[in-house]
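> coords please:
(one chain, ligands or ions: 1)
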Amino acid sequence: MSQEKGFVIWFTGLSGAGKTTLTEELAPLLRERGRKVEVLDGDVVRTNLSKGLGFSKEDRDTNILRIGYVANLLARNGVAVITAAISPYRDIRDANRRLIEADGSDFVEVFAAATVEQCEARDVKGLYAEARAGKRPGFTGIDDPYEPPLHPEVVCETGREPVAESLRTIVDFLEARGLVATPAVVR
Ligand code: ADP
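Presented below is the predicted three-dimensional model:
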C-alpha cells in the first residue's frame, strides 16, 4: 500500500528560510495521518551524529551525506523522514536523491525559497548580523555558496507567504503523490 511507502522530505534553503518551522508543523500533521515520522534537523545532527564537523566544503558535504544515509535507512523501513539542513550544494543533494530513490523511496525536495535579503531582514537568530560583522566566516548566502535546486518537487515562497500557505503547498503535493492519506471528511 503506497501510504506505507517510506519517503524523504528534503528541505533546502538558507539559514532562516523556514526549514525548521515547516518541519515542526509538518511532523505532527503526518503523525495525525497515521505515518511514523522521524526528523533529522541540521542543527540537531551537528550536536550528535556530526559533532566535531565544521563548515568547510568537505565537512558540509560529509554532514549532508550522513543525513542522507540515515534518512535512507529509515525511509526504506516505511518511515516518513523530514530533513531540515541548509544542504547548500546541489550535487550532494542529488547524490542523496539517487541513494534514496535507488532503494525505492520517494525523495521530495522542498525548496524554502526565501532570499538572502528576506532572511537577513528577519534575522531570527541574529546570525546574519554576526556574519556581516565577520564573526561567522563562511556563512551560507553571505560569503559561502548556496546552490538552489533546479527541479525541486515543491517550492515554498517562505520569504513572502504565511507559514500556513507553505505548509498547504507541501501537504497538497504529498496527498497528490499518495504519500499521505487525505483527512476524512466530517459531515
Ligand atoms: P531555518 O530552519 O530555515 O533556519 P527557521 O524555521 O528557524 O529557519 O526560521 C524561519 C522564520 O521565518 C521563523 O521565524 C518563521 O516564523 C518565519 N516565517 C515566515 N513565513 C514563513 C513561511 N512561509 N515558512 C516558514 N517560516 C516562515
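> run a quick neighbour tally on the nearest residue to A27 once chain neighbours are set aside.
Closest residue to A27 apart from its sequence neighbours, by C-beta to C-beta, 6 or more residues apart in numbering: V37 at 4.9 Å. (C-beta placed from N, C-alpha, C; glycine too.) Close neighbours of V37, defined as other C-beta atoms under 10 Å, add up to 18.
> for stretch 36-53, list every residue counted as buried.
37-42, 45-46, 50, 53 (16 or more other C-beta atoms under 10 Å).
> can you pull out the strands in this protein?
7-12, 37-41, 80-84, 106-112, 154-156 (DSSP state E).
> picking up where we left off before, most widely separated two among the buried residues of stretch 36-53?
V37 and L53 (25.1 Å; C-beta to C-beta).
> ok, longest helix in the protein?
Ranked by residue count and defined by DSSP state H, the top helix of the chain is helix 57-75.
> just the CA trace of it, in PDB.
This file holds the C-alpha atoms of helix 57-75, laid out as PDB (Å, rounded to 0.1, in the frame of the first residue of the first chain):
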ATOM      1  CA  LYS A  57      33.000  22.400   1.900                       C
ATOM      2  CA  GLU A  58      34.300  18.900   2.900                       C
ATOM      3  CA  ASP A  59      32.700  18.900   6.300                       C
ATOM      4  CA  ARG A  60      29.400  20.300   5.000                       C
ATOM      5  CA  ASP A  61      29.300  17.500   2.400                       C
ATOM      6  CA  THR A  62      30.100  14.900   5.000                       C
ATOM      7  CA  ASN A  63      27.300  16.200   7.200                       C
ATOM      8  CA  ILE A  64      24.700  16.200   4.400                       C
ATOM      9  CA  LEU A  65      25.800  12.700   3.200                       C
ATOM     10  CA  ARG A  66      25.400  11.400   6.700                       C
ATOM     11  CA  ILE A  67      21.900  12.800   7.000                       C
ATOM     12  CA  GLY A  68      21.100  11.200   3.600                       C
ATOM     13  CA  TYR A  69      22.400   7.900   4.700                       C
ATOM     14  CA  VAL A  70      20.300   7.800   7.900                       C
ATOM     15  CA  ALA A  71      17.300   9.200   6.100                       C
ATOM     16  CA  ASN A  72      17.600   6.300   3.600                       C
ATOM     17  CA  LEU A  73      17.800   3.600   6.300                       C
ATOM     18  CA  LEU A  74      14.600   5.000   7.900                       C
ATOM     19  CA  ALA A  75      12.700   5.500   4.700                       C
END
